[in-house]
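Participant: quick check, what structure comes out for this input:
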Amino acid sequence: MFTIDIDTGGTFTDGFFTRDGEIRTVKVLTTPHDLTVCFANCIKEGAEQFGVSLREMMLNTDIVRYSSTTGVNTLITRSGSKIGLIISKGYVGSLYAKDPKEVEPIYSLISREMILEVEEEIDNQGNIIKPLQKDEVLAKMQSLIDMGARAITVSFKNSHINPTHEKQAKNIIKEQYPNYYLGSVRVFLASEISDRPGDFYRTNAVVINGYVHDSLVKYLYKAEDDLRADLCSRPLMVAHSHGGVARVAKTRAIDTYASGPALGVLGAGNVGTTYAFRNVLTVDIGGTSLDIGLIRDGVYCYDLIPSIVGLPVSIPMITTYSVALAGGSIASLDSSRKLQIGPKSAGARPGPACFDLGGLEPTVTDADVILGFIDPNYFLGGRIKLKRERAISAIKTRIADPLKISVEEAAYSIREETGIRTQKEILRFLQGQGIGAKELSDFAVVVYGGAGPTHYCNFARGLQFGHSLATPYAAVFSAFGSSTTDLLHTYSKFVRFDLFDEGKYLKDYERLNQIVGGLLKIAKNDIRGEGFSPDNALYSLELLGDEQLAGVRIKSDKTSLQSESDVKELCTKFSKAGRPGVSKVSISTVILNAIVAMPHFTVKASKLGKEDPRRAFKSNREVFWSPKAGYQKTPVYERELLVPGNIVMGPAIVEAKDTTYVIPANRSFKVDKYSNGIIEEG
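Facilitator: Now for the predicted structure:
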């Protein structure tokens, strides 16, 4: 049986395919005009690599998992739907934010005139002080529709405690524009997106969700329909940024934001488990962005209040840090003729100048082609022929001539500046996580992405990582990370109760059991609705602390507390995770995770062979390692022919069909028993 995992990035769409332990990886150009085209192209290429027809593959597929940059791209390009927002009276200027300046980023997604308020009030205890008026809701909704709103978002104050008014507003609108009307109106409620505290955070989340929804739904449902047309009986599973997958119908638009980078972190976690690494830094350099992630003490780092386009949202996500710095980043000179890399990217179309698709701006990839690191005749295994002369022309015109240097020196400067910038961004991210450069020896770095192995030894200079490795599927690593995921649904409930106060263990855990029981019922119904048995699911509980334990997240495999000893166990975990001397344990949010195991690829070890890599030798190539050394004849090895035990000593180039590993003179590339490439000094 086959498993299919696809990740669509800004430049390339990657596929990771397995059949009974066999692996095939695929990389095709992303088609920004219609992402279902590159999705279909990737699957067709996967079938061809296995030597089977598309329909034969589809009939024998266990699971199809998919992640895409649709949400990110929609936000970056500001091409989302025109939406309206209805909020509580008195907050149209602040949107519930304490500092009005925090609100500014939201106006790039929704104009001020599309935000209207209605009279209603629910207090901090959830009591209705002022009821919602139907006529007022209809009037404000109609006004937004008349101004062109394609969807209505609703966010009332304190709706996380009592969502009654938001639900009433939705019912009122749906009565006027029911789903079966051609002109039906989509309505998104803040309380349905998040029931955690923070009215401003929930408002941001529901606006972003409504803004992205149409663009995402258009592609995902069509992709699933295309699968069914090709006789695939399995539903399309969509990756979420919290680390799991779910069916399209169970996916909210905001759930998919940055899911690709999150999958890379999951894949690195799988690699880390294989080696028993407790601390892992992930560095993904693709065509459009540099994405960095972290696993610390064996645990993925989560943002409880992550930021999306400068707006904090109450949607927990695996922590990733993204910068517009990658292979497709455009090199330019500022007014003082200082070299700049990015943030603008050439993307998939027109792409770098060497793609010969109309791009005229020089990119990092163009520099790599000129320097000899990338063979223009072997890009993507030779399926795409690059034009070196186009790269030369772009860099000569835009960089070399203005600086009065040679094209090679200009290309070298682009590569060096990219390495310096990348290292700075990595150190900035680590510093934000409380990790200094002296602690890097405790970390393994997993490098991936189409340009990651090409630039690793450049940006890692001077950084003393404990281990450095790249897998054979580094170029499609997020798709590999997808192959490690399971069906995951997360349910939460905002609560207020104490487990411990002034030396006494309280009895509120019985109330906790009632809340969890209600969430379990919903979870089991959802799992059953997705075609799986709830009895095969694993359920775990997470509790978020309140007040002095704010931000502390405690996990438990138990979904009910049966005795005071269970309460003591939880309170001990909170005390250890919180500040010393915690005298009170109050709970603010109950989270239930429901997991159904999906088919996974398992890495197997092989016996180590000889160190001599000559069997994989392809040829010698002229490579420009530095202005002082100039071009040097450099051995080139084929990655697919290297076997466990082989050691390639630098300077050397290791070429895979989907990426290039650059090994300078002071480094070596060793293939270990898991077929991973270990990059070491000396």
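Participant: what's residue 612 sitting at in phi/psi?
Facilitator: phi -60, psi 120 (degrees, to the nearest 10).
Participant: not counting sequence-adjacent ones, nearest residue to it?
Facilitator: Closest residue to residue 612 apart from its sequence neighbours, by CB to CB, 6 or more residues apart in numbering: residue 646 at 7.2 Å. (C-beta placed from N, C-alpha, C; glycine too.)
Participant: could you say which helix or strand holds residue 540?
Facilitator: strand 538-545 (DSSP states H and E).
Participant: what lines up beside the helix or strand just after that strand in the sheet?
Facilitator: Heading C-terminal from strand 538-545, the first helix or strand you meet, by DSSP H and E, is strand 553-556. With DSSP bridges as the test, strand 553-556 is paired with strand 538-545 (antiparallel).
Participant: hmm, who's touching the strand it pairs with?
Facilitator: Here strand 538-545 makes contact (CB atoms under 8 Å, 6 or more residues apart in numbering) with 196, 304, 516, 520, 523, 551-559, 570, 574, 578, 585-597.
Participant: if any of these are buried, put those into a PyMOL selection.
Facilitator: To isolate the buried members of these in PyMOL, using 16 or more other CB atoms under 10 Å:
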select buried, resi 196+304+516+520+523+552+553+554+559+570+574+578+585+586+587+588+589+590+591+592+593+594+595+596
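Participant: which of the contacts of strand 538-545 fall in helices?
Facilitator: Judged by DSSP state H, the subset of these located in helices is 516, 520, 523, 570, 574.
Participant: if we can go back for a sec, tally of neighbours for the residue nearest to residue 612?
Facilitator: By the criterion of other CB atoms under 10 Å, residue 646 has 23 neighbours.
Participant: with residue 416 instead?
Facilitator: Residues lying near residue 416 (other CB under 10 Å) number 15.
Participant: what helix or strand does it sit in?
Facilitator: Assigned by DSSP H and E, residue 416 falls in helix 407-432.
Participant: cool, and residue 662?
Facilitator: Assigned by DSSP H and E, residue 662 falls in strand 660-663.
Participant: same check on residue 332?
Facilitator: For residue 332, the host element (DSSP H and E) is strand 329-333.
Participant: quick check: next helix or strand after that strand?
Facilitator: strand 339-345.
Participant: so what does that next one touch, helix or strand wise?
Facilitator: Judged by 3 or more CB pairs under 8 Å, 6 or more residues apart in numbering; DSSP states H and E, the packing partners of strand 339-345 are strand 329-333, helix 407-432.
Participant: the inter-axis angle of the helix or strand that comes right after the longest one versus helix 407-432?
Facilitator: Spelled out, that is helix 407-432. Later in the chain than helix 407-432, the nearest helix or strand by DSSP H and E is strand 444-448. Computed by axes from the mean of the first three to the mean of the last three CA atoms, to 10 degrees, the angle separating strand 444-448 from helix 407-432 equals 130 degrees.
Participant: redo the ones in helices among the contacts of strand 538-545 as CSV? Include pLDDT and distance to residue 329.
Facilitator: Shown next, in CSV, are the ones in helices among the contacts of strand 538-545 (pLDDT from 0 to 100; distance: CB to CB, whole Å):
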residue, pLDDT, distance to residue 329
516, 91, 47
520, 94, 47
523, 93, 43
570, 80, 47
574, 77, 44
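Participant: closest one to residue 606 out of those residues, please.
Facilitator: Among the ones in helices among the contacts of strand 538-545, residue 523 lies closest to residue 606 (CB to CB), at 40.6 Å.
Participant: grab the nearest non-local neighbour of that closest one.
Facilitator: residue 594 (4.1 Å).
Participant: bridging residues for that neighbour?
Facilitator: Assigned bridge partners for residue 594, using DSSP bridges, are residue 489, residue 539.
Participant: and it, how far from residue 269?
Facilitator: Going from residue 594 to residue 269 by CB to CB, to the nearest Å gives 20 Å.
Participant: what's the helix or strand harbouring residue 86 packed up against?
Facilitator: Taking DSSP H and E as the definition, residue 86 sits inside strand 83-88. Identification of packing neighbours for strand 83-88 by 3+ CB pairs under 8 Å, 6+ apart yields strand 115-118, helix 134-146, strand 151-155, helix 199-229.
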